[in-house]
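[1] sequence first, then the predicted structure, then my questions.
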Amino acid sequence: MKLRKILAISAAMAVGAGALGACGSDDSGSGSDDSSMTFWHNSTTGEGKAYWESTVADFEAANPGVTISIQAIQNEDMDGKLQTALNSGDAPDIFMARGGGKLADVVEAGQVKDISDAIDDTTRAALGDAALNAFSVDGKIYGMPTAILPGGVYYSQDLFDQAGITAAPTTMDELDTAVSALKTAGISPVALGGKDAWPAAHWYYFFALRECSQQTIEDAAKSKSFDDPCWLAAGEDLQAFADTEPFNDGFLTTTAQQGAGSSAGLIANHLAGMELMGAWNPGVIASLTPDEKPLADLAWFPFPAVEGGDGDPGAMMGGVDGFSCSVDAPDACTDFLNFFMQKEYQEGYANAFHTLPASKDAQGVVSEPALQSILTAYNEAPYVTVWMDTLFGQNVGNALNSGVVDLLAGKGDPAGIVQAVADAAAKG
């Protein structure tokens, strides 16, 4: 399958990596020197946690003298803890990275290793330039992508059937109709983990993706200017949608991924009809079903078109998850990055996390219908942008997320969202 683009926006602060010489580890293991490393990831339970434990054990067996100490950190806590560790000079050797402005900030601070020349030829070919560009800054690569994670709306086919919804919505009018049908059937229409802020902000991001042209979003990523009317229009779209009261009761205090009462848990237990989320969601949902198995009726559709918007209705938003090495990490760190990108480990990653692997060679194992639908839409999309809090960097991104929550809580308005991000950008 053709892995495409995390196009323009992923590369908004970067140019694509050129052909570079390759080195690094292979199956036989090249990390012969004694090395002790720390590894932070966000898989605290279930198959994902077990995957990393097994993969690290295999790497240590293939590289005598190398040891990796694993720390699993709750996803919602990761950014804050990692930033504190980086700033204190006590960063883990291997840590999660998501590209965009957040990565550019870490590069500018001199806290992450340039791995351009350490990516082996097999890994480079399996990924392609598009995935690697997501971790490029000024032509150098600072992270290894593991998963492509475009977003959209996950829904329960059984609950849609129960509500008499015969087709997935393609426009906002159709989405509003689906919300009304679910309410009439006594079903909470949309699950939202507003307590964590970023899931609520996803709704604004996608309205902006539909309202703003690709060029406008690219320009904003560089200039941090939000003067184009499309940014306000996106907030007005969100306000209009929120006024239909589509979200679960107590959504402002609901978490996104922690337990049966989270927004993912509401989908997993057929307590809500749909959720806007990235392609990691099937795995999270699977971990929260009663039998901890993938939700059999889980389906997916792209975010609906917005009438009159300047964005292409086929455009997608998402991210590329991956891992970076801290600037002082030993060479064994890049050996580990190459190791887990081998086909068998990328296939294992896709199965363990119920997600889309970054390696084109491993995408053949994707079998869940919802994920297959996402991959098809992703490969057909005219362009893909990264999550806006990632795109704009941590300070502006956090201000954007907070502004959206304020609007949904009745403490702000669409103009307040635009002002919040403009003020954060002005502070640098």
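    Looks like it arrived, so ask away.
[2] how far does stretch 343-359 sit from its chain's centre?
    15 Å (Cα atoms, centre = their mean, to the nearest Å).
[3] next structured bit after the helix or strand residue 160 falls within?
    Under the assignment given by DSSP states H and E, the secondary-structure element containing residue 160 is helix 157-162. Note on helix 157-162: by DSSP H and E, the next helix or strand toward the C-terminus is helix 172-184.
[4] and the contacts of that next one?
    The contact list for helix 172-184 (Cβ atoms under 8 Å, 6 or more residues apart in numbering) reads 159-160, 163-165, 167, 169, 188-190, 237, 241, 244, 246, 273-274, 304-307. To be clear about C-beta, it is placed using only N, CA and C from the backbone, and glycine gets the same treatment.
[5] now the buried members of the residues you listed.
    159-160, 163, 165, 169, 188-190, 237, 241, 246, 273-274, 304-306 (16 or more other Cβ atoms under 10 Å).
[6] closest to residue 419 out of those residues?
    In terms of Cβ to Cβ, no member of those lies closer to residue 419 than residue 237, at 17.4 Å.
[7] pretty sure the closest one contacts residue 305?
    No. If you go by Cβ atoms under 8 Å, residue 237 and residue 305 don't touch, sitting 11.5 Å apart.
[8] which residues do those two both contact?
    Contacts common to residue 237 and residue 305, judged by Cβ under 8 Å, 6+ apart, are 172, 210.
[9] off-centre distance for the helix holding residue 160?
    For helix 157-162, the distance to the chain centre is 27 Å (Cα atoms, centre = their mean).
[10] let's number from 8 now, not from 1
    Yep, numbering from 8; the last one is helix 164-169 now.
[11] quick check: mean pLDDT across that helix?
    Helix 164-169 shows a mean pLDDT of 98.
[12] same thing with stretch 424-435?
    Average pLDDT, stretch 424-435: 91.
[13] which residues sit against it?
    Taking Cβ under 8 Å, 6+ apart as the rule, stretch 424-435 contacts 211, 231-233, 238-239, 242, 399, 402-403, 405-407, 409-411, 413-414, 419.
[14] dump that stretch to CSV, keeping only the CA atoms.
    C-alpha atoms of stretch 424-435 as CSV (Å, rounded to 0.1, in the frame of the first residue of the first chain):
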residue,chain,number,x,y,z
ILE,A,424,-10.1,30.9,20.7
VAL,A,425,-8.4,33.0,18.0
GLN,A,426,-7.3,35.6,20.5
ALA,A,427,-5.9,32.9,22.8
VAL,A,428,-3.7,31.4,20.1
ALA,A,429,-2.6,34.9,18.9
ASP,A,430,-1.6,36.0,22.4
ALA,A,431,0.3,32.8,22.9
ALA,A,432,2.1,33.2,19.6
ALA,A,433,3.0,36.8,20.5
LYS,A,434,4.8,35.6,23.6
GLY,A,435,7.0,33.3,21.5
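[15] in that stretch, what counts as buried?
    Here stretch 424-435 shows 424, 425, 426, 427, 428, 429, 431, 432 as buried, counting by 16+ other Cβ under 10 Å.
[16] repeat for stretch 192-205
    192, 194-205.
[17] that stretch: end-to-end distance?
    29 Å (Cα to Cα, to the nearest Å).
[18] ok, stretch 156-172 next?
    27 Å.
[19] which parts of that stretch are buried?
    For stretch 156-172, burial by neighbour count (16+ other Cβ under 10 Å) applies to 156-164, 166-167, 169-170, 172.
[20] could I get the pLDDT score of residue 30?
    For residue 30, the model assigns a pLDDT of 33.
[21] same check on the one 3 residues further on?
    Taken from the predicted model, the pLDDT recorded for residue 33 is 40.
[22] what lies in contact with stretch 50-68?
    Applying Cβ under 8 Å, 6+ apart, the set of residues contacting stretch 50-68 from outside is 36, 46, 48, 73-75, 77, 79-81, 290, 293-294, 299, 342-343, 346-347, 352, 355-356, 358-361.
[23] now residue 255. Its backbone dihedrals?
    phi -60, psi 150 (degrees, to the nearest 10).
[24] that one reaches residue 270, doesn't it?
    Yes. Assessed by Cβ under 8 Å, residue 255 is found in contact with residue 270 at 7.2 Å.
[25] which residues do these two both contact?
    Common neighbours of residue 255 and residue 270 (Cβ under 8 Å, 6+ apart) are 198, 199, 261, 279.
[26] the residues you listed in strands, which ones?
    residue 279 (DSSP state E).
[27] need the shared contacts of residue 255 and residue 270 in JSON lines (columns: distance to residue 112 and pLDDT).
    Shown next, in JSON lines, are those (distance: Cβ to Cβ, whole Å; pLDDT from 0 to 100):
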{"residue": "198", "distance to residue 112": "31", "pLDDT": "98"}
{"residue": "199", "distance to residue 112": "28", "pLDDT": "98"}
{"residue": "261", "distance to residue 112": "30", "pLDDT": "97"}
{"residue": "279", "distance to residue 112": "35", "pLDDT": "98"}
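[28] state the pair within the shared contacts of residue 255 and residue 270 that is farthest apart.
    261 and 279 (10.0 Å).
[29] what segments of the stretch 108-257 of the chain are helices?
    Residue ranges of the helices in the stretch 108-257 of the chain, as given by DSSP state H, counting those that start in this stretch, are 128-140, 164-169, 179-191, 205-218, 221-230, 236-249.
[30] and the ones you listed: which comes nearest residue 334?
    helix 128-140 (19.3 Å).
[31] list the buried residues of that closest one.
    Result for helix 128-140 [16+ other Cβ under 10 Å]: buried residues 129, 130, 131, 133, 134, 135, 136, 137, 138, 139, 140.
[32] just how off-centre is that helix within its chain?
    For helix 128-140, the distance to the chain centre is 19 Å (Cα atoms, centre = their mean).
[33] now do stretch 90-104
    Using Cα atoms, centre = their mean, the offset of stretch 90-104 from its chain centre is 20 Å.
[34] pLDDT on it, on average?
    The average pLDDT for stretch 90-104 rounds to 91.
[35] go on, stretch 129-136?
    91.
[36] and residue 255 and residue 270? Which one has more around it.
    residue 270 (32 against 20; other Cβ atoms under 10 Å).
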